[in-house]
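# What follows is a predicted protein model with its sequence.
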Amino acid sequence: MNTLCIVGLGMIGGSLAGALKQANFPGKIVALVRSEATGVRGLELGLIDAFSVNAADVICDADVVMLAVPMLSMREQMQLIKEHLKPAAIVTDAGSVKAPFIKDARDVFGDLSRVVPGHPIAGREKTGVDAADASLYQNRRVLLTPLPETDAAATATVQQLWELVGAEVEVLGPEQHDRVLAATSHLPHVLAFALVDTLATQQEAEEIFRYAAGGFRDFTRIASSDAIMWRDVCLTNREAILESMDNLDAHLKQLRHAIDISDGEAIEATFVRARKARDANT
Ligand SMILES: NC(=O)C1=CN([C@@H]2O[C@H](COP(=O)(O)OP(=O)(O)OC[C@H]3O[C@@H](n4cnc5c(N)ncnc54)[C@H](O)[C@@H]3O)[C@@H](O)[C@H]2O)C=CC1
Ligand SMILES: O=C(O)C(=O)Cc1ccc(O)cc1
């Protein structure tokens, strides 16, 4: 591969660019950006070799295009780049939800043989190019959800790109991806936002935050994440997130009942089960 074009040089795209530079990626890294300032910052930070705000300038030479914009901006970016893509160019992405990305790609490109949907299971609550971290993907998982019609060589190229930055690549189906991530990533983010918002809007909010302990910080770090990004995740993975929320709701009701009737055994059993599951799996 000679040229990688990153569309959306934010935290995820910028981190990939920085990690590739650190790994001595032999090709050129260019970016399609919304604002001049982001591109200039990308150059200053040594993440990219060139940028443009016009798709025509940077897409036509790209062998791989990585879409790293919020979920509901993916389709518009696909439409912008479509006419400039080389016939053999591979289009991949880093979006948090896979089935809607595939639907957008099918609608816009038609042919999905060179489209490799992907998702790094690594990130943080910061946004923008200044939050780029070249070590972000080291020893982290990246999930690819290729389709039956996806060219195996295209998938292999994207896999190599992620492996170059220290990630471990696994393949799974898009629907399974979206169900599993709803439970492990989307639900915790929704919960953290809801908890902080509940506390912030109740009486004594000032004291509540002033006297919060480490557990509160651990639990709510992700409530500092980007509102647009998470709005888009909720809107694009609606059904799976609702299912996860209903599941939790039922569980919470059981626990509430156990506390209500002072059923110490049931409370303890829940906590022991949860602790065992966490210790065994993290
Ligand atoms: N933040 C995280 O921890 C993770 C995020 N992701 C996914 O990666 C993608 C990018 O997320 P981040 O880099 O965290 O966000 P970010 O906000 O840091 O970067 C997004 C980039 O897209 C550009 N952008 C935003 N809206 C746009 C629009 N309407 N048109 C064109 N460009 C637009 C922004 O200017 C910015 O450069 C999202 O799809 C997100 O779901 C995946 C894994 C982890
Ligand atoms: O900040 C954190 O710990 C995260 O959980 C980051 C994250 C956010 C979104 C993803 O799709 C994957 C990872």
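All right, it came through fine. Ligands and ions are numbered 1, 2, ... in the order given.
# what number of residues lie near the residue in the stretch 101-250 of the chain positioned nearest to ligand 1?
Proximity of the stretch 101-250 of the chain to ligand 1 (C-beta to the nearest ligand atom) peaks at residue 123, 1.8 Å away. (Each C-beta comes from the backbone N, C-alpha and C, glycine too.) Around residue 123 there are 22 other residues, counting by other C-beta atoms under 10 Å.
# now it: how far from residue 140?
Counting by C-beta to C-beta, to the nearest Å, the separation of residue 123 from residue 140 is 9 Å.
# lowest-confidence helix or strand of the chain?
None of the helices or strands of the chain scores lower by mean pLDDT, DSSP states H and E than helix 205-210, at a mean of 85.
# okay, that one in PDB with CA atoms only?
Below are the C-alpha coordinates for helix 205-210, written out as PDB (Å, rounded to 0.1, in the frame of the first residue of the first chain):
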ATOM      1  CA  ALA A 205     -25.600  18.200  43.300                       C
ATOM      2  CA  GLU A 206     -22.600  20.300  44.500                       C
ATOM      3  CA  GLU A 207     -22.000  18.200  47.600                       C
ATOM      4  CA  ILE A 208     -22.600  15.000  45.700                       C
ATOM      5  CA  PHE A 209     -19.800  15.800  43.300                       C
ATOM      6  CA  ARG A 210     -17.500  17.400  45.900                       C
END
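# by contact count, what packs against that helix?
Contacts defined by 3 or more C-beta pairs under 8 Å, 6 or more residues apart in numbering; DSSP states H and E place helix 205-210 against helix 187-200.
# How about the helix it packs on and ligand 2, any contact?
No - Helix 187-200 stays clear of ligand 2 (C-beta under 6 Å from any ligand atom), getting no nearer than 7.0 Å.
# Quick check: buried residues in that helix?
187, 189-193, 196 (16 or more other C-beta atoms under 10 Å).
# and the two most separated of the residues you listed?
Using C-beta to C-beta, the two most remote members of the buried residues of helix 187-200 are 187 and 196, lying 15.1 Å apart.
# For stretch 133-152, measure first residue to last.
30 Å (C-alpha to C-alpha, to the nearest Å).
# Buried residues, it. List them.
Neighbour-count burial for stretch 133-152, counted by 16+ other C-beta under 10 Å, picks out 133-134, 136-137, 140, 142-147, 150-151.
# Who are the contact partners of the residue nearest to residue 41 when sequence neighbours are not counted?
Computed as C-beta to C-beta, 6 or more residues apart in numbering, the closest residue to residue 41 that is not its neighbour in sequence is residue 129, at 4.9 Å. Residue 129 sits next to 9-11, 14, 38, 41-42, 45, 47 when contact means C-beta atoms under 8 Å, 6 or more residues apart in numbering.
# Show me which of these are buried.
With burial judged by 16+ other C-beta under 10 Å, the buried subset of the contacts of residue 129 is 9-11, 14, 38, 41-42, 45, 47.
# Ligand 1 next: which of these are close?
Among the buried ones among the contacts of residue 129, ligand 1 is touched by 9-11, 38 when using C-beta under 6 Å from any ligand atom.
# what does the stretch 51-200 of the chain have sitting close to ligand 1?
Checking the stretch 51-200 of the chain against ligand 1 by C-beta under 6 Å from any ligand atom, the hits are 68-71, 73, 77, 94-96, 119-120, 123-124, 127-128.
# Identify the farthest-apart pair in those residues.
It's 77 and 124 that sit farthest apart of these, by C-beta to C-beta, at 22.5 Å.
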